[in-house]
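S.K.: Quick one, structure for this:
(chains A and B)
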Amino acid sequence: MNVPPAILHLVVARPGGHSVRLWLPLFLLWPLALALGVVALLITIIVDVVLLLLGRRYCRYTVLLARMCALFGETRGMDIRINSEQETFNLTVY
Amino acid sequence: MAEDRSRILSLLAAGKITADEAERLLDALDTGAGAAAGPAGPAFTGDPSPLVAALPKYLYVQVNGSTGDNVHVKVPIALVRSGLKLTSLIPPLAMDQINKSLSEHGMSVDFTNLKPEDIDELIEGLREMEVNVDSKDGDVVRVYCA
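M.R.: So this is what the prediction gives:
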(Lines give C-alpha, C1' and ligand atoms only; values in the text may rest on other atoms or scores of the structure.)
Protein backbone atom coordinates (compact mmCIF):
# COMPACT_ATOMS: atom_id res chain seq x y z
CA MET A 1 0.00 0.00 0.00
CA ASN A 2 1.26 3.44 -0.94
CA VAL A 3 1.21 6.60 1.10
CA PRO A 4 -2.34 7.98 0.97
CA PRO A 5 -2.97 10.82 -1.48
CA ALA A 6 -1.77 14.12 -0.06
CA ILE A 7 -3.13 16.72 -2.45
CA LEU A 8 -6.06 16.79 -4.84
CA HIS A 9 -5.96 19.28 -7.71
CA LEU A 10 -9.32 19.98 -9.29
CA VAL A 11 -9.99 22.30 -12.21
CA VAL A 12 -13.44 22.88 -13.68
CA ALA A 13 -13.50 25.67 -16.23
CA ARG A 14 -16.02 26.91 -18.78
CA PRO A 15 -15.03 29.34 -21.51
CA GLY A 16 -16.50 32.71 -20.61
CA GLY A 17 -17.98 31.37 -17.40
CA HIS A 18 -16.97 30.61 -13.86
CA SER A 19 -14.00 28.40 -13.28
CA VAL A 20 -13.03 26.48 -10.20
CA ARG A 21 -9.41 25.76 -9.39
CA LEU A 22 -8.86 23.92 -6.15
CA TRP A 23 -5.81 22.56 -4.41
CA LEU A 24 -7.24 20.37 -1.67
CA PRO A 25 -4.70 19.48 1.02
CA LEU A 26 -5.90 15.98 1.78
CA PHE A 27 -3.00 15.40 4.15
CA LEU A 28 -4.76 17.68 6.64
CA LEU A 29 -7.55 15.11 6.79
CA TRP A 30 -5.22 12.20 7.53
CA PRO A 31 -5.54 12.43 11.36
CA LEU A 32 -9.35 12.62 11.07
CA ALA A 33 -9.40 9.71 8.62
CA LEU A 34 -7.18 7.71 10.96
CA ALA A 35 -9.51 8.32 13.91
CA LEU A 36 -12.57 7.40 11.83
CA GLY A 37 -10.76 4.36 10.48
CA VAL A 38 -10.00 3.07 13.97
CA VAL A 39 -13.64 3.49 15.02
CA ALA A 40 -14.86 1.82 11.83
CA LEU A 41 -12.36 -1.00 12.34
CA LEU A 42 -13.68 -1.68 15.85
CA ILE A 43 -17.27 -1.69 14.57
CA THR A 44 -16.50 -4.06 11.69
CA ILE A 45 -14.62 -6.44 14.00
CA ILE A 46 -17.65 -6.57 16.32
CA VAL A 47 -20.00 -7.06 13.36
CA ASP A 48 -17.83 -9.85 11.94
CA VAL A 49 -17.64 -11.62 15.30
CA VAL A 50 -21.43 -11.41 15.73
CA LEU A 51 -22.01 -12.67 12.17
CA LEU A 52 -19.56 -15.50 12.78
CA LEU A 53 -21.34 -16.49 15.99
CA LEU A 54 -24.67 -16.39 14.17
CA GLY A 55 -23.23 -18.75 11.60
CA ARG A 56 -23.55 -16.40 8.66
CA ARG A 57 -21.50 -17.28 5.61
CA TYR A 58 -20.30 -13.75 4.93
CA CYS A 59 -18.32 -12.14 7.77
CA ARG A 60 -15.53 -10.27 6.05
CA TYR A 61 -16.42 -6.63 6.65
CA THR A 62 -13.09 -5.97 8.42
CA VAL A 63 -11.13 -7.22 5.40
CA LEU A 64 -13.43 -5.22 3.14
CA LEU A 65 -12.68 -2.07 5.13
CA ALA A 66 -8.94 -2.72 4.98
CA ARG A 67 -9.10 -3.28 1.22
CA MET A 68 -11.10 -0.06 0.76
CA CYS A 69 -8.43 1.87 2.68
CA ALA A 70 -5.77 0.25 0.47
CA LEU A 71 -7.78 1.21 -2.61
CA PHE A 72 -7.89 4.83 -1.44
CA GLY A 73 -4.12 4.71 -0.88
CA GLU A 74 -3.54 3.55 -4.44
CA THR A 75 -5.29 6.55 -6.00
CA ARG A 76 -2.11 8.60 -5.79
CA GLY A 77 -0.93 9.34 -9.33
CA MET A 78 -4.37 9.23 -10.91
CA ASP A 79 -4.93 11.90 -13.51
CA ILE A 80 -8.14 12.62 -15.39
CA ARG A 81 -8.25 15.35 -18.04
CA ILE A 82 -11.35 16.05 -20.07
CA ASN A 83 -11.22 18.96 -22.47
CA SER A 84 -14.11 19.94 -24.69
CA GLU A 85 -15.32 23.15 -26.26
CA GLN A 86 -17.85 23.60 -23.46
CA GLU A 87 -15.85 22.57 -20.45
CA THR A 88 -12.49 21.63 -19.06
CA PHE A 89 -12.25 19.16 -16.22
CA ASN A 90 -8.96 18.14 -14.68
CA LEU A 91 -8.54 15.97 -11.62
CA THR A 92 -5.08 15.05 -10.38
CA VAL A 93 -4.23 13.18 -7.21
CA TYR A 94 -0.75 13.74 -5.78
CA MET B 1 16.15 -16.42 -19.22
CA ALA B 2 15.57 -16.13 -22.96
CA GLU B 3 12.02 -14.95 -22.27
CA ASP B 4 13.30 -12.23 -19.91
CA ARG B 5 15.79 -11.10 -22.52
CA SER B 6 13.21 -10.98 -25.30
CA ARG B 7 10.80 -9.11 -23.02
CA ILE B 8 13.44 -6.46 -22.31
CA LEU B 9 14.17 -6.12 -26.02
CA SER B 10 10.48 -5.82 -26.84
CA LEU B 11 10.13 -3.10 -24.19
CA LEU B 12 13.06 -1.29 -25.81
CA ALA B 13 11.57 -1.74 -29.29
CA ALA B 14 8.25 -0.39 -28.07
CA GLY B 15 10.01 2.65 -26.67
CA LYS B 16 8.85 1.92 -23.14
CA ILE B 17 12.40 1.86 -21.79
CA THR B 18 15.52 3.65 -22.95
CA ALA B 19 18.63 1.99 -24.33
CA ASP B 20 20.45 2.68 -21.05
CA GLU B 21 17.69 1.05 -19.03
CA ALA B 22 17.70 -1.95 -21.37
CA GLU B 23 21.46 -2.26 -20.99
CA ARG B 24 21.16 -2.20 -17.20
CA LEU B 25 18.40 -4.80 -17.29
CA LEU B 26 20.41 -7.08 -19.56
CA ASP B 27 23.42 -6.67 -17.28
CA ALA B 28 21.23 -7.59 -14.33
CA LEU B 29 20.07 -10.68 -16.22
CA ASP B 30 23.65 -11.67 -17.06
CA THR B 31 24.66 -11.22 -13.42
CA GLY B 32 21.73 -13.38 -12.41
CA ALA B 33 22.71 -16.06 -14.91
CA GLY B 34 26.29 -16.01 -13.67
CA ALA B 35 25.17 -16.38 -10.10
CA ALA B 36 22.95 -19.35 -10.89
CA ALA B 37 24.49 -22.49 -9.44
CA GLY B 38 23.42 -24.92 -12.13
CA PRO B 39 20.55 -26.19 -14.17
CA ALA B 40 18.46 -26.69 -11.03
CA GLY B 41 19.00 -23.07 -9.95
CA PRO B 42 16.53 -20.27 -10.63
CA ALA B 43 16.63 -18.58 -14.04
CA PHE B 44 17.08 -15.14 -12.51
CA THR B 45 18.86 -14.62 -9.21
CA GLY B 46 20.09 -11.04 -9.60
CA ASP B 47 18.58 -7.94 -8.08
CA PRO B 48 15.00 -7.89 -9.43
CA SER B 49 14.46 -4.20 -8.68
CA PRO B 50 15.50 -2.98 -12.19
CA LEU B 51 13.03 -5.41 -13.76
CA VAL B 52 10.31 -4.35 -11.37
CA ALA B 53 11.09 -0.69 -12.04
CA ALA B 54 10.79 -1.28 -15.79
CA LEU B 55 7.28 -2.68 -15.49
CA PRO B 56 4.49 -0.33 -16.55
CA LYS B 57 2.84 1.42 -13.62
CA TYR B 58 -0.04 3.28 -15.22
CA LEU B 59 -2.92 2.45 -17.49
CA TYR B 60 -3.53 5.23 -20.01
CA VAL B 61 -6.76 5.84 -21.86
CA GLN B 62 -6.58 8.60 -24.45
CA VAL B 63 -9.44 9.72 -26.65
CA ASN B 64 -8.81 12.48 -29.15
CA GLY B 65 -12.02 13.46 -30.88
CA SER B 66 -12.16 14.95 -34.33
CA THR B 67 -14.19 17.84 -32.92
CA GLY B 68 -11.43 18.80 -30.52
CA ASP B 69 -12.75 16.97 -27.47
CA ASN B 70 -10.01 15.17 -25.60
CA VAL B 71 -10.10 12.73 -22.73
CA HIS B 72 -6.88 11.65 -21.10
CA VAL B 73 -7.06 9.29 -18.14
CA LYS B 74 -4.08 7.92 -16.23
CA VAL B 75 -4.87 5.24 -13.66
CA PRO B 76 -2.26 3.51 -11.48
CA ILE B 77 -2.26 -0.22 -12.24
CA ALA B 78 -2.07 -0.83 -8.49
CA LEU B 79 -5.45 0.90 -8.22
CA VAL B 80 -6.93 -1.41 -10.87
CA ARG B 81 -5.53 -4.42 -9.04
CA SER B 82 -6.89 -3.23 -5.67
CA GLY B 83 -10.27 -2.50 -7.22
CA LEU B 84 -10.53 -5.95 -8.78
CA LYS B 85 -9.45 -7.62 -5.54
CA LEU B 86 -12.08 -5.63 -3.69
CA THR B 87 -14.79 -7.20 -5.81
CA SER B 88 -14.15 -10.59 -4.20
CA LEU B 89 -15.02 -9.09 -0.80
CA ILE B 90 -18.25 -7.35 -1.69
CA PRO B 91 -21.19 -8.88 0.23
CA PRO B 92 -23.20 -11.34 -1.92
CA LEU B 93 -26.40 -9.29 -1.79
CA ALA B 94 -24.62 -6.15 -3.01
CA MET B 95 -22.79 -8.17 -5.65
CA ASP B 96 -26.06 -9.56 -6.98
CA GLN B 97 -27.37 -6.02 -7.38
CA ILE B 98 -24.16 -4.90 -9.08
CA ASN B 99 -24.30 -7.82 -11.53
CA LYS B 100 -27.98 -7.14 -12.21
CA SER B 101 -27.32 -3.46 -12.83
CA LEU B 102 -24.39 -4.28 -15.13
CA SER B 103 -26.45 -6.74 -17.15
CA GLU B 104 -29.21 -4.16 -17.48
CA HIS B 105 -26.68 -1.84 -19.06
CA GLY B 106 -25.43 -4.48 -21.48
CA MET B 107 -22.39 -5.65 -19.54
CA SER B 108 -22.87 -9.25 -18.50
CA VAL B 109 -19.82 -9.49 -16.26
CA ASP B 110 -20.15 -11.75 -13.25
CA PHE B 111 -17.59 -10.59 -10.70
CA THR B 112 -18.41 -13.49 -8.39
CA ASN B 113 -16.46 -15.76 -10.73
CA LEU B 114 -13.36 -13.58 -10.49
CA LYS B 115 -10.73 -15.43 -8.43
CA PRO B 116 -7.59 -13.76 -6.94
CA GLU B 117 -5.29 -15.83 -9.17
CA ASP B 118 -7.31 -14.74 -12.22
CA ILE B 119 -6.88 -11.11 -11.16
CA ASP B 120 -3.08 -11.41 -11.08
CA GLU B 121 -3.13 -13.03 -14.51
CA LEU B 122 -5.49 -10.34 -15.78
CA ILE B 123 -3.23 -7.56 -14.53
CA GLU B 124 -0.16 -9.17 -16.09
CA GLY B 125 -2.03 -9.40 -19.37
CA LEU B 126 -3.13 -5.81 -19.02
CA ARG B 127 0.48 -4.65 -18.81
CA GLU B 128 1.14 -5.93 -22.33
CA MET B 129 -2.17 -4.80 -23.79
CA GLU B 130 -2.33 -2.01 -26.32
CA VAL B 131 -5.42 -0.81 -28.15
CA ASN B 132 -5.25 1.66 -31.03
CA VAL B 133 -8.40 2.76 -32.79
CA ASP B 134 -8.35 5.28 -35.63
CA SER B 135 -11.80 5.98 -37.01
CA LYS B 136 -12.70 7.48 -40.38
CA ASP B 137 -14.05 10.54 -38.61
CA GLY B 138 -10.64 11.28 -37.19
CA ASP B 139 -11.36 10.03 -33.69
CA VAL B 140 -8.38 8.34 -32.10
CA VAL B 141 -8.58 6.01 -29.10
CA ARG B 142 -5.50 4.61 -27.42
CA VAL B 143 -5.38 2.31 -24.40
CA TYR B 144 -1.97 1.21 -23.18
CA CYS B 145 0.20 0.74 -20.13
CA ALA B 146 3.45 2.56 -19.50
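
S.K.: before we move on, what SS does B:Asn132 have?
M.R.: Taking DSSP: H, G, I helix; E, B strand; the rest coil as the rule, one finds B:Asn132 in the strand state.

S.K.: Give the closest residue to it in space, chain neighbours not counted.
M.R.: B:Arg142 (5.6 Å; C-beta to C-beta, 6 or more residues apart in numbering or on different chains). From N, CA and C alone the C-beta is placed, and that goes for glycine too.

S.K.: hey, where'd the helices end up in chain B?
M.R.: B:2-13, B:19-35, B:49-54, B:77-87, B:92-104, B:116-127 (DSSP state H).

S.K.: closest one to A:Ile43 among the ones you listed?
M.R.: With C-beta to C-beta as the measure, helix B:92-104 is the member of these nearest A:Ile43 (17.7 Å).

S.K.: Can you tell me what sits against the closest one?
M.R.: Outside helix B:92-104, the residues that touch it by C-beta atoms under 8 Å, 6 or more residues apart in numbering or on different chains are A:Arg57, A:Tyr58, B:Thr87, B:Ile90, B:Ser108, B:Val109, B:Asp110, B:Phe111, B:Thr112.

S.K.: Show the buried residues in the residues you listed.
M.R.: Neighbour counting over the contacts of helix B:92-104 (16 or more other C-beta atoms under 10 Å in any protein chain shown) leaves B:Ile90 as the buried ones.

S.K.: Pick out the residue nearest the middle of chain A.
M.R.: With distances taken as C-alpha atoms, centre = their mean, A:Phe72 lies nearest the centre of chain A, 4.3 Å away.

S.K.: swap that for chain B, please
M.R.: Mean-position check on chain B, C-alpha atoms, centre = their mean. Result B:Arg127 at 1.9 Å.

S.K.: Return the distance of that one relative to B:Ser10.
M.R.: Separation of B:Arg127 from B:Ser10 (C-beta to C-beta, to the nearest Å) stands at 12 Å.

S.K.: what do you get for A:His9?
M.R.: Distance from A:His9 to B:Ser10, by C-beta to C-beta: 35 Å.

S.K.: go on, A:Ala70?
M.R.: Distance from A:Ala70 to B:Ser10, by C-beta to C-beta: 31 Å.

S.K.: Looking at these two, which has the bigger crowd around it?
M.R.: Per other C-beta atoms under 10 Å in any protein chain shown, whichever of A:Ala70 and B:Ser10 has more neighbours is A:Ala70, with 18 against 12.

S.K.: correct me, but the more buried one touches B:Ser82?
M.R.: Yes. Counting by C-beta atoms under 8 Å, A:Ala70 touches B:Ser82, with 5.4 Å between them.

S.K.: now chain A, which segments are flagged as low pLDDT?
M.R.: A:1-2 (pLDDT under 70).

S.K.: Give me the helices and strands touching the longest helix seen in it, please.
M.R.: Taking DSSP H as the criterion, chain A has its longest helix at helix A:30-53. Other helices and strands packing on helix A:30-53, by 3 or more C-beta pairs under 8 Å, 6 or more residues apart in numbering or on different chains; DSSP states H and E, are helix A:61-73.

S.K.: The helix it packs on and chain B, are they touching?
M.R.: Yes. Counting by C-beta under 8 Å from any C-beta of the partner chain, chain B is contacted by helix A:61-73 at A:Tyr61, A:Val63, A:Leu64, A:Arg67, A:Met68, A:Ala70, A:Leu71.

S.K.: strand partners of the helix or strand that comes right after that helix, parallel vs antiparallel please.
M.R.: Next in sequence after helix A:61-73, counting helices and strands by DSSP states H and E, comes strand A:79-83. According to DSSP bridges, strand A:79-83 has the following sheet partners: strand A:88-93 (antiparallel), strand B:70-76 (antiparallel).

S.K.: still on that earlier bit, identify, from the residues of helix A:61-73 next to chain B, the entry nearest to B:Asp69.
M.R.: For the residues of helix A:61-73 next to chain B, the nearest to B:Asp69 is A:Leu71 (29.3 Å; C-beta to C-beta).

S.K.: I appreciate the help and will end here.
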